[in-house]
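Engineer: Got a predicted model here, sequence first, then my questions.
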Amino acid sequence: MRKLLLPMLLGTAFLATTRTAAAVENEAEDHGLSIAVFGDSPYGVDDADTAQFNATPAFIKTINQDRDVSLVLQVGDIHSGKQTCSFGYDKTIYDMWTAFEAPLVYTPGDNEWMDCHKPKEGSQPVLQNLAYVREIFFATPGKAIGGDKTVMSQAQYFDAQYPSDSQFVENTMWEQAGVVFISVNVPGGSNNGEDNWFNLDRTKPQTDEILKRTAAAQRWLDRGFALGQSHRARAVLIQLQADMWDLDGTATKDLHIANYRQYIDNIARNTAQFGKPVLLINGDSHGYRSDNPLTKGAACVSENGAAEVACADDAYNAHPNGYKLSNFHRIVVHGSTAPMEWIKLQIKPGDSEGRNVTNATANSFGPFSWKRMIQALPPKP
């Protein structure tokens, strides 16, 4: 079923609603939703490694063949950190994605812009590559890739007190199946962009980029949760790229992710105030994970399917702020390595309040349930 229910919210009425609470609840009662989620794909070990790139049309076809799917989410990184950034490459990915039969909402990763200054990515200008991403993937503000899906872009719905937020066309939100979706540009890999460009002294344009993007993202998260409260949404889903807790194999807190803590604090505060299920989906660290990093000692299922008592390699595991949020859950999508994989995420109809988070399992949480859909690469000729 590919029918999309997309309430349009215009102008200053962004946080207001003319719908009654009953209408919102009836919409949630009557309509479920099936979503395909993937990220960190296609990857190669260098520019000559095109195996995943060449397999992407078949990967898209697999998703198209699932007639339940009516929405696709891509959580960033459209090539590896060892492949060259370019306008031409980005355009080929966009052209591939137009083959999806369901509309696609994309949030940028670090490899397609933030880390382009690094030698392995061709020592390319960072802001120029961000401009490429916006020009190609967000050419029409508020329009998803493919289909007729309309979303709300921060470029259109920015706070007048912060006019520079109008540049963040990639930050979007929408309401569907009683859930508020928030897609926000939080790329991984470089401590929120702190790696100095070209390994030289810090420049003012880099400092400005970090400060403006971080502030805009936090305002967008606040606004999305406010929309969820105003419309009595039964859940919130956040889509971003960075694995903000990933220690990357180190035994202690890694300063290379320290600047993501401000996003974690924002999400934790808003999650506590919202009081209903909040699902975060990210990529970046490449290994599948189902966990709750906002509750110390919460159960965790990792890439190999093993259940752990806790995610021992999560940063901030001691939670200095005392987080204990049972209404939060996180999925990390598999990426980078074969076999290629997507997650089939389903939002069940009914459960209009969506308050039941005590039934969380490795593959379900509140109104959400999911399973991994694994696709092997075709054999080499």
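Structural biologist: That came through, no problem.
Engineer: For the stretch 151-300 of the chain, just list every one of the helices.
Structural biologist: 204-230, 261-274 (DSSP state H, counting those that start in this stretch).
Engineer: For those helices, give me CSV that also has mean pLDDT, distance to residue 173 and mean neighbour count.
Structural biologist: Yep, even glycine has a C-beta here, placed from its N, CA and C like the rest. Below are these laid out as CSV (pLDDT from 0 to 100; distance: least, C-beta to C-beta, whole Å; neighbours: other C-beta atoms under 10 Å):
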stretch, mean pLDDT, distance to residue 173, mean neighbour count
helix 204-230, 98, 5, 18
helix 261-274, 96, 13, 18
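Engineer: which residues of this protein score low on pLDDT?
Structural biologist: Filtered on pLDDT under 70, the chain yields the residue ranges 1-30, 248-255, 306-314, 316-322, 350-359, 376-381.
Engineer: mind redoing it with 80?
Structural biologist: Along the chain, segments meeting pLDDT under 80 span 1-31, 247-255, 297, 305-322, 350-360, 375-381.
Engineer: hmm, back to that, save the helices of the stretch 151-300 of the chain as a markdown table, and put in distance to residue 332 too.
Structural biologist: What follows is those, written out as a markdown table (distance: least, C-beta to C-beta, whole Å):
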| stretch | distance to residue 332 |
| --- | --- |
| helix 204-230 | 19 |
| helix 261-274 | 15 |
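Engineer: Quick one, which of these gets closest to residue 72.
Structural biologist: Closest approach to residue 72 among these is made by helix 204-230 (19.7 Å; C-beta to C-beta).
Engineer: Give me the angle between that closest one and helix 261-274.
Structural biologist: With axes from the mean of the first three to the mean of the last three C-alpha atoms, to 10 degrees defining the directions, helix 204-230 sits at 10 degrees from helix 261-274.
Engineer: Quick one, which of the helices of the stretch 151-300 of the chain gets closest to residue 146.
Structural biologist: Comparing the helices of the stretch 151-300 of the chain under C-beta to C-beta, the one sitting nearest is helix 204-230, at 22.8 Å.
Engineer: which helices and strands sit right next to the closest one?
Structural biologist: Judged by 3 or more C-beta pairs under 8 Å, 6 or more residues apart in numbering; DSSP states H and E, the packing partners of helix 204-230 are helix 126-137, strand 172-176, strand 179-183, strand 235-239, helix 261-274.
Engineer: Out of those, which is closest to residue 224?
Structural biologist: That would be strand 179-183 among the helices and strands packed on helix 204-230, by C-beta to C-beta, at 3.6 Å.
Engineer: Would you confirm that residue 176 contacts residue 33?
Structural biologist: Yes: at 6.1 Å, residue 176 and residue 33 qualify as touching, with contact defined as C-beta atoms under 8 Å.
Engineer: For residue 46, the count of nearby residues, please.
Structural biologist: 11 (other C-beta atoms under 10 Å).
Engineer: what's the answer for residue 87, then?
Structural biologist: Applying other C-beta under 10 Å, we find 15 residues neighbouring residue 87.
Engineer: From residue 263, how far off is the residue nearest to it when sequence neighbours are not counted?
Structural biologist: Excluding its sequence neighbours, the residue lying closest to residue 87 (C-beta to C-beta, 6 or more residues apart in numbering) is residue 132, at 4.7 Å. Here the distance between residue 132 and residue 263 works out to 25 Å (C-beta to C-beta, to the nearest Å).
Engineer: buried stuff in stretch 164-183?
Structural biologist: 165-183 (16 or more other C-beta atoms under 10 Å).
Engineer: I meant stretch 275-284, not that one.
Structural biologist: Residues 276, 277, 278, 279, 280, 281, 282, 283, 284 are the ones in stretch 275-284 that count as buried (16+ other C-beta under 10 Å).
Engineer: mind checking how far the last one is from residue 102?
Structural biologist: Residue 284 sits 24 Å away from residue 102, taking C-beta to C-beta as the criterion.
Engineer: What of the fourth one?
Structural biologist: As defined by C-beta to C-beta, residue 279 lies at a distance of 19 Å from residue 102.
Engineer: in the stretch 1-150 of the chain, which spans are strands?
Structural biologist: Applying DSSP state E, counting those that start in this stretch to the stretch 1-150 of the chain gives strands spanning 33-38, 71-74, 104-106.
Engineer: Out of those strands, which is the most enclosed?
Structural biologist: Highest mean neighbour count of the strands of the stretch 1-150 of the chain: strand 71-74, a mean of 25 (counted as mean count of other C-beta atoms under 10 Å).
Engineer: still on that earlier bit, Throw the strands of the stretch 1-150 of the chain into a markdown table and include distance to residue 113, thanks.
Structural biologist: A markdown table is the format used below for the strands of the stretch 1-150 of the chain (distance: least, C-beta to C-beta, whole Å):
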| stretch | distance to residue 113 |
| --- | --- |
| strand 33-38 | 19 |
| strand 71-74 | 15 |
| strand 104-106 | 13 |
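Engineer: hang on, the earlier thing: kindly indicate which of the buried residues of stretch 275-284 lies nearest residue 341.
Structural biologist: Proximity of those to residue 341 (C-beta to C-beta) peaks at residue 283, which lies at 11.2 Å.
Engineer: For residue 77, which non-adjacent residue is closest in space?
Structural biologist: Per C-beta to C-beta, 6+ apart, closest to residue 77 is residue 109, 3.3 Å.
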